[in-house]
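A.B. asks: Let me see the structure of the following:
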Amino acid sequence: MREETVRHDITVVGGGLAGVCAAIAAARLGRRVALVNNRPVLGGNSSSEVRVWVCGATAHGVHRFARETGIMGELYTENQYRNPDGNPYYWDQVVLDAVLAEPNIALYLNTDVREVAAGGPEENRTIHSVTGWTTGSELLTTFTADVFLDCTGDGLVGHLAGARHRIGREARAEYGESWAPERADAELLGSTILFYTRDAGHPVKFVPPSYTKDLATTPILRNRVLRTGDNGCDYWWIEWGGGMDVVHDNERIRDELWSVVMGVWDHIKNSGEFDADTLTLEWVGSVPGKREYRRFVGDHVLTQDDILSQRRFPDRVAFGGWSIDLHPVEGMYAATPGARQRYADGVFHIPLRSLYSVNVGNLLLAGRDISASHVAFGATRVMATCAVVGEAAGTAAALCVEHGLTPRALATDHLDLVHRTLLRQDASVLGVANTDPDDLARAARVTASSTLRALDVDPTDPTGPAGPTGAEVTPCPLTRDVGLLLPVDPRLDAVELLASTDLPDGAELTVELWDTGLPENGVPVNHLLTRTAPVPPGGRHWVRVRLDHHPEHPGNAVLIVRAHRGVALALADVRRAGVLALRHRAPGDAAVDHDIPEEEGQRVLQWSARELRRRSFCFRAAPATEAFAPQKAVGGYQRPYGGPQMWSSAAVADPERVGEHLQLDWDAEVRLGTVHLVFDDDVDEYLNNLHRHRTPFEVMPELVRDYRIEARTADGGWRTVLTGRGNRRRHVVHRLAEPVRTDGLRVVVEATHGARHAHLFAVRAYSA
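C.D. replies: Predicted coordinates:
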């Protein structure tokens, strides 16, 4: 047996998406990182070994403008470009390449950490090292570091270090959670094994193995739905082990899951109830995808109320949007539905105080083992949320090492540093504005070659995107209530809607204006006013609705048009930045999943934007909007938050020849060494890593493809200092080979990937 000891600034144990994003974040901040994973591939439950699709804050398109940015956003969009068919092996390579691109990461695959050296009193312990065994290499490696991250999912490192943790469900009274049981117990969410099928094009028989479960002896045929078109995560409900110890009984749980997978396939192939003659099994998992085990205790325990009230923690460092999603302990054998779900009105926030151990001073947490109650964990456990938590924890670890701080001291006394660093990375933090004192752009005057001032989708405007040479316009009968989410900046005096009616005497529309409650939401929450407006008979007419809405602060509003038989609104195949068309659910419609009954009173499920993606009702808003003003790209939020929060040029004729620019001017010369650009990759578009894709675009059309950065010369001219060609990234960091002294900078957009506006969420400029 060989032995070695290695030293890094930070050791990350666990190579799921939480660990991957933590390691990349810390490495990009200059720290030397060991990433230790006990499997041969990265990605955890999302890898080709398990094949769970990566869910997150968008919640399959339920939430608006909610897709993750930062490292998880890079993985999503790179996979969309490389892997539009959702091949799980290609996804493995996307994740691996992201790690291999960082020279500060030392990757240790197939290395199982099973020993932890820690010391100190119970309430103030310190990890000194962890030791892992690499079977194929017969190598025992001891990892020493200043800070350790437990991204193992099961929480083994923290457990061996003596970190306080919980397993099971808390009592209802402990945190006042209505979804918690009356008494605490040890029940958990179970594990799942998935399978893939394909059509072989010729008859294929299936001889069931000896361990195949006879489904007729189980409640499955009565209580679950089997379909030949389903695949992979469609069978998420093949779940078991919640009443056991999902770690200690892992092998038994795997065997039971295998037996049911074979039983499901035997029933589909051999019962005679399905047209499955040419179908064959392509893949069956061998590693159970675990949902829940240890949850560590931090300085804050995230609770049900934190999730549903969307509590804005001062130390928020990440966000999620998945429902509180809890499953019956019996799993696939339960007589009840496979899940119970409850969504907040929008995304929820996760505090830094939930990402470190309350009693192990140099232990940070990321993934499904963070400090949360069992109920709140039902929303935080999905992988894209684990990933953004990983980036936040890795960033915190790097700052702790750099400044000699404990995680608690960082969360308590240095929040500005944390937020500035996360925003500089374009990480998934919401509602925090850029106050970076080193960002020279914040002191500049900001102008643009043009600015989008008309908030409209107008097919009668020949220069607009929905004009006569633009998008198709079709009638949308008002068989149900519809809505328009609009940015209001600074006010909304009136809206005109393009409507028609086949009623001989015309009709009267009822139109209401609602606010969204919180800037991160996109659903009607508070009723503001009601108006009526006549629709004349015969042809399309612009119907004007006077609103006189003058909010104290810019934000979003929802214009609701109530259902009216015989009336239609004009619907255009146009996406307008900051605007969403909404449709109220009809009776019997499933908001998310027909197999899961829905809780009453969920606003976000009553109003759907998914069916009308990249379409809009034709409208004209007055007065002209300031929602796309040039200054939005400097010192702002870097993503939609109570409005689009970006600069947009006016419409151009040709996406291949845009020629619009954003300009920064300083009163005196500055020294420029680095420029950050944050482009628009449409965070409202739902992306997925595997086979549940919902977009035809390999690259988002709004993303800037070609651009150049120019600096003003002493004689008032402009010279190009940087160029970007074929860009497909949202966040681009340019470091100049030689610093430039100038009093002016401009970003010239030459081409997009198809959009007719130039969009910039942020321009940042630094001296070094």
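
A.B. asks: Count the neighbours of Asn223 for me.
C.D. replies: Here the count is done by other Cβ atoms under 10 Å, and Asn223 has 16 residues near it. For every residue, glycine as well, the C-beta is placed using N, CA and C.

A.B. asks: Likewise for Pro351?
C.D. replies: For Pro351, using other Cβ under 10 Å, the count is 23.

A.B. asks: so what's it closest to, chain neighbours aside?
C.D. replies: Setting aside the residues directly before and after it, Pro351 is nearest to Phe313 in space (Cβ to Cβ, 6 or more residues apart in numbering), at 3.8 Å.

A.B. asks: Gly538 versus Leu140, what's the distance?
C.D. replies: 84 Å (Cβ to Cβ, to the nearest Å).

A.B. asks: So Arg353 is in contact with Asp299, correct?
C.D. replies: Yes. At 4.0 Å, Arg353 and Asp299 qualify as touching, with contact defined as Cβ atoms under 8 Å.

A.B. asks: Between these two, which contacts overlap?
C.D. replies: Common neighbours of Arg353 and Asp299, using Cβ atoms under 8 Å, 6 or more residues apart in numbering, are Ser371, Arg408, Ala411.

A.B. asks: Go through the residues you listed and say which is closest to Arg585.
C.D. replies: Nearest to Arg585 out of these is Ser371 (Cβ to Cβ; 35.4 Å).

A.B. asks: ok, now which ones touch the residue nearest to that closest one when sequence neighbours are not counted?
C.D. replies: Taking Cβ to Cβ, 6+ apart as the measure, Ser371 lies nearest to Gly298, with 3.2 Å between them; neighbours along the chain are not counted. When the contact criterion is Cβ under 8 Å, 6+ apart, the partners of Gly298 are Arg353, Ser354, Leu355, Tyr356, Ser357, Val358, Leu365, Ile370, Ser371.

A.B. asks: And those, which of them are buried?
C.D. replies: Among those, the ones that count as buried by 16 or more other Cβ atoms under 10 Å are Arg353, Ser354, Leu355, Tyr356, Ser357, Val358, Leu365, Ile370, Ser371.

A.B. asks: could I get these as JSON lines with secondary structure?
C.D. replies: Written out in JSON lines, the entries for the buried ones among the contacts of Gly298 read as follows (DSSP: H, G, I helix; E, B strand; the rest coil):
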{"residue": "Arg353", "secondary structure": "helix"}
{"residue": "Ser354", "secondary structure": "helix"}
{"residue": "Leu355", "secondary structure": "coil"}
{"residue": "Tyr356", "secondary structure": "strand"}
{"residue": "Ser357", "secondary structure": "coil"}
{"residue": "Val358", "secondary structure": "coil"}
{"residue": "Leu365", "secondary structure": "strand"}
{"residue": "Ile370", "secondary structure": "coil"}
{"residue": "Ser371", "secondary structure": "coil"}
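
A.B. asks: higher neighbour count, Leu140 and Gly538?
C.D. replies: The neighbour count for Leu140 versus Gly538, taken as other Cβ under 10 Å, is higher for Leu140 (16 against 10).

A.B. asks: contacts for the helix or strand hosting the more buried one?
C.D. replies: When secondary structure is defined by DSSP states H and E, Leu140 falls within strand 139-144. Residues outside strand 139-144 that contact it (Cβ under 8 Å, 6+ apart) are 1-8, 11, 34, 36, 108, 111, 113, 128-134.

A.B. asks: Throw together a ChimeraX command that grabs the buried residues out of those.
C.D. replies: To isolate the buried subset of the contacts of strand 139-144 in ChimeraX, counting by 16+ other Cβ under 10 Å, use the following:
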select :8,11,34,36,108,111,113,129,130,131,132,133,134
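
A.B. asks: Show me the strands in the stretch 351-500 of the chain, by range?
C.D. replies: Across the stretch 351-500 of the chain, reading from the start of the chain, the strands by DSSP state E, counting those that start in this stretch fall at 363-365, 445-448, 456-457, 473-477, 482-488, 492-501.

A.B. asks: now, of the ones you listed, which is deepest in the fold?
C.D. replies: Most buried of those by mean neighbour count (mean count of other Cβ atoms under 10 Å) is strand 363-365; its value is a mean of 30.

A.B. asks: Surely Gly136 touches Asn110?
C.D. replies: Yes. The pair formed by Gly136 and Asn110 meets the contact definition of Cβ under 8 Å, at 5.7 Å.

A.B. asks: Those two: which is more packed in?
C.D. replies: The neighbour comparison of Gly136 against Asn110 (other Cβ under 10 Å) goes to Asn110, with 17 against 9.

A.B. asks: list the contacts for that one?
C.D. replies: Under the contact definition (Cβ under 8 Å, 6+ apart), the residues listed for Asn110 are Asn37, Asn38, Arg39, Pro40, Thr134, Thr135, Gly136, Ser137.

A.B. asks: Farthest-apart pair in those residues, please.
C.D. replies: Spatial extent of those (Cβ to Cβ) is set by the pair Arg39 and Ser137 at 14.8 Å.

A.B. asks: sorry, back to before: separation between the residue nearest to Ser371 and Asp315?
C.D. replies: Computed as Cβ to Cβ, the Gly298 to Asp315 distance reads 11 Å.
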